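A.B. asks: sequence? don't have it. structure:
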């Protein structure tokens, strides 16, 4: 460990010296507004690594309480697992995303997540992303809806890595 730190310091020393000699180094550092780059979270919150084995799934661009116009884009992520298409078969530590729309978590933990009927619009409940997709466009009817991500294996059996349930409202399109 000490050897690695020493190596990093030796490699960084020429850069540090060059920065110190530069007359513009101080001026450009003062001109940079890092507040706009760094979030309002504490340093501890921004830099906390994921504990080994922590698996999280969450929406990237929508949050609880959002009002959206349909169709709308939804992006999602999983950490602690890899994303792979169903056709790849069983690959340890990987799976694919599902969105549960106005649906409760499955009760049977060994059963695959159900599929909606083809061309279902008014009663969509299960969106499968078996090609390894990490975003989609949802077209939901106006009204209030709940969304939750659920990560599953190549057979659509959940790992029970899931997001928090969020509530959104789809508002009518302008004519």
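C.D. replies: On my side now, so go ahead. None of the values given here were measured: they were computed from a predicted structure.
A.B. asks: in the chain, which spans are helices?
C.D. replies: 2-21, 24-31, 43-47 (DSSP state H).
A.B. asks: show the average pLDDT along the top strand by length along the chain.
C.D. replies: Criterion DSSP state E: the longest strand present in the chain is strand 143-152. Mean pLDDT, strand 143-152: 94.
A.B. asks: can you list the strands that it pairs with?
C.D. replies: Strand 143-152 has its sheet partners listed here by DSSP bridges as strand 94-101 (antiparallel), strand 158-162 (antiparallel), strand 166-171 (antiparallel).
A.B. asks: may I see the buried residues of the last one?
C.D. replies: Taking 16 or more other CB atoms under 10 Å as the basis for neighbour counts, the residues of strand 166-171 that come out buried are 166, 168, 170. Bear in mind the C-beta positions are built from the backbone N, C-alpha and C, glycine included.
A.B. asks: before we move on, back to that, rank the strands paired with strand 143-152 by pLDDT, which is bottom?
C.D. replies: Ranked by mean pLDDT, the strands paired with strand 143-152 bottom out at strand 158-162, with a mean of 87.
A.B. asks: who's in contact with that strand?
C.D. replies: With contact meaning CB atoms under 8 Å, 6 or more residues apart in numbering, strand 158-162 is reached by 55-57, 78, 80-81, 95, 98, 105-106, 109, 113, 148-153.
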